[in-house]
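Novice: Sequence and computational prediction follow.
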Amino acid sequence: MPRGFGKGAMLWHGRFRKHGYRLTLPRQAILDVLSRTTKHLSAEEIYIEVHRIYPSIGLSTVYRTLELLVQVSLIFKFDFGDGKARYELIRSLEREYHYHHHLICTQCNRVIDYTEFIKDEMELFKKTEKNLSKKYGFKINRHIVQFYGVCDKCIRR
Ligand SMILES: [Zn+2]
Ligand SMILES: [Zn+2]
């Protein structure tokens, strides 16, 4: 394992092995970039960061790797409505991080991560998921909550 990677590396390693993949350098480099930011980065932004440290990793590798990381449930892929896919590390895998959801401003594309009221939300969703599972015989693995609207700065403008 290359030096200088975060403590998430062991966890990522296990996740890949479970799916029959290896934790390659591009995979680890992308996960490392995403673990160091709370922003929701696009593939191009991730590429710029990764490329700075590993010039041999190209944009197509980044695209391919991101798809794989989504597939093995290490990162989330979001569409915030600005025409670009955005990626975020699934931090609930690591104990010290908590769950968060999104408030998305449709005017300035600002994405606010919120962690307040999550407990209330979770209880409501647990109940809803249970009912949906029962009604449709559908096994739910996860859900995404995103509220779209206008942020305080845009309202004041
Ligand atoms: Zn705004
Ligand atoms: Zn987020």
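Specialist: That came in fine, so what should we check first? Ligands and ions are numbered 1, 2, ... in the order given.

Novice: pretty sure residue 31 contacts residue 87?
Specialist: No: using CB atoms under 8 Å, residue 31 is not in contact with residue 87; the gap is 10.3 Å. Every residue, glycine included, has its C-beta placed from N, CA and C.

Novice: Packing partners of the lowest-mean-pLDDT helix or strand in the chain?
Specialist: Least confident helix or strand, the chain: helix 8-18 with a mean of 82, by mean pLDDT, DSSP states H and E. Helices and strands touching helix 8-18, by 3 or more CB pairs under 8 Å, 6 or more residues apart in numbering; DSSP states H and E, are helix 25-35.

Novice: Mind doing that once more with 6 Å?
Specialist: For helix 8-18, not one helix or strand is in contact under the criterion 3 or more CB pairs under 6 Å, 6 or more residues apart in numbering; DSSP states H and E.

Novice: Give me the more crowded residue out of residue 31 and residue 87.
Specialist: Neighbour count, other CB atoms under 10 Å: between residue 31 and residue 87, residue 31 has more, with 24 against 21.

Novice: ok, now how distant is the more buried one from residue 44?
Specialist: 17 Å (CB to CB, to the nearest Å).

Novice: Please apply the same query to residue 77.
Specialist: Remark: distance between residue 77 and residue 44 (CB to CB) = 14 Å.

Novice: Ok, residue 109 next?
Specialist: Counting by CB to CB, the gap from residue 109 to residue 44 is 15 Å.

Novice: who's more crowded, these two?
Specialist: Taking neighbours as other CB under 10 Å, residue 109 and residue 44 compare with residue 109 leading, 14 against 11.

Novice: And the pLDDT for the nearest residue to that one once chain neighbours are set aside?
Specialist: Excluding the flanking residues, the one nearest residue 109 by CB to CB, 6 or more residues apart in numbering is residue 82, at 4.7 Å. With respect to pLDDT, residue 82 scores 81.

Novice: host element of residue 82?
Specialist: Per DSSP states H and E, residue 82 falls between elements, in no helix or strand.

Novice: who's in contact with the residue of the chain found nearest ligand 2?
Specialist: Among all residues of the chain, residue 113 sits closest to ligand 2, at 4.3 Å; criterion: CB to the ion. By CB atoms under 6 Å, 6 or more residues apart in numbering, residue 113 lies in contact with residue 100.

Novice: could you point out which element follows the strand or helix carrying residue 128?
Specialist: Element membership of residue 128 [criterion: DSSP H and E] is helix 118-136. The helix or strand immediately downstream of helix 118-136 is strand 146-149, counting by DSSP H and E.
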